Structure formats: C-alpha cells, structure tokens
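K.L.:
My questions concern the predicted model and sequence given below.
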Amino acid sequence: MARIAGVNLPKEKRVEVGLTAIYGIGRNLSNQILKEANINRDKKVEELSENEIASIREILTRFATEGDLRRKIAMDIKHLQEIGTYRGIRHKKGLPVRGQRTRYNCRTRKGKRKTVANKKIIAK
C-alpha cells in the first residue's frame with residue numbers, strides 16, 4: 001500500500017489518478033510529478049516500487065499539500081474577514097463569495113431552506 005503525505009493512495013487506480021487523492025494535487029500537477037520522477041502514468045498504484053514512491057515523496061516536499069495547504073487557505077480567509085473585505089464578509093455570512101446570484105440558487109453555501117412565516121393581520 002502506498003502512503004504518501006499521510007494519505008493512503010487507492011491501489012487499484014492508475015498512479016496519475018491516485019495522486020489526486022492528496023489534497024492540493026490535481027491531474028496537471030500529478031502528471032508533472034510523474035514526468036519528473038520518470039514514472040509511467042498508466043501504471044497502477046499497487047505496482048509502484050519503494051524507490052518510485054520515495055521519489056514521489058521527495059518531489060512532493062516542494063509543494064504545499066494536505067494540512068499545510070488547508071491551514072494556509074484558512075488563514076487567508078481569516079485575514080479577509082479581519083480586514084473587513086467584501087469577500088471576507090461573504091465568507092462570514094456563509095454566502096457565495098464569487099459573484100453568484102443568491103435569489104434562487106446557492107443552496108450549497110446557504111444550507112437547507114428556512115421557511116419564514118408571514119405576519120398575521122389582526123382583524124379590527
């Protein structure tokens with residue numbers, strides 16, 4: 001089993017796709033890493049030798065991944081909130097940050113619908 005950056009890579013998948021299980025690594029970066037390590041990207045994760053895994057680990061030390069990247073992103077968002085930018089306020093309120101409309105969509109950010117009852121009119 002290949003364990004890189006604290007993540008168990010899925011052994012039945014190709015190395016190119018398996019590396020994307022690590023937070024902060026997409027397909028492009030995965031291909032760059034494999035090219036630099038001289039590893040065939042069509043190889044399965046379970047077929048990797050210890051030397052190949054070690055070379056991938058060594059290359060990954062140059063990139064922010066997993067905990068370091070999550071911490072950096074959280075600190076960036078916290079900084080935006082502290083200085084009171086528009087984006088920071090949207091993060092704080094749990095609304096979409098990048099200009100999306102909110103009238104009908106954005107359920108992912110806003111959460112489950114909350115029904116607001118109408119005020120009753122008191123008869124005179």
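P.N.:
It's in.

K.L.:
how distant is stretch 97-111 from the center of its chain?
P.N.:
Chain-centre distance of stretch 97-111: 19 Å, with Cα atoms, centre = their mean, to the nearest Å.

K.L.:
What mean pLDDT does it get?
P.N.:
For stretch 97-111, mean pLDDT is 88.

K.L.:
So which bits of that stretch are buried?
P.N.:
By 16 or more other Cβ atoms under 10 Å, the buried positions in stretch 97-111 come out as Val97. Where you see a C-beta, it was placed from the backbone N, CA and C, and this is true even at glycine.

K.L.:
what does stretch 72-82 give?
P.N.:
Leu80.

K.L.:
Can you list the low-confidence ranges for this protein?
P.N.:
Along the chain, segments meeting pLDDT under 70 span 124.

K.L.:
tell me the contacts of the closest residue to Lys92 other than its chain neighbours?
P.N.:
Spatially, and ignoring its direct neighbours in sequence, Lys92 is nearest to Gln81 (5.3 Å; Cβ to Cβ, 6 or more residues apart in numbering). By Cβ atoms under 8 Å, 6 or more residues apart in numbering, the residues touching Gln81 are Gly88, Ile89, His91, Lys92.

K.L.:
Let's have those in JSON lines, adding secondary structure, distance to Ala117 and neighbour count.
P.N.:
JSON lines is the format used below for the contacts of Gln81 (DSSP: H, G, I helix; E, B strand; the rest coil; distance: Cβ to Cβ, whole Å; neighbours: other Cβ atoms under 10 Å):
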{"residue": "Gly88", "secondary structure": "helix", "distance to Ala117": "32", "neighbour count": "18"}
{"residue": "Ile89", "secondary structure": "helix", "distance to Ala117": "28", "neighbour count": "13"}
{"residue": "His91", "secondary structure": "helix", "distance to Ala117": "29", "neighbour count": "17"}
{"residue": "Lys92", "secondary structure": "helix", "distance to Ala117": "26", "neighbour count": "13"}
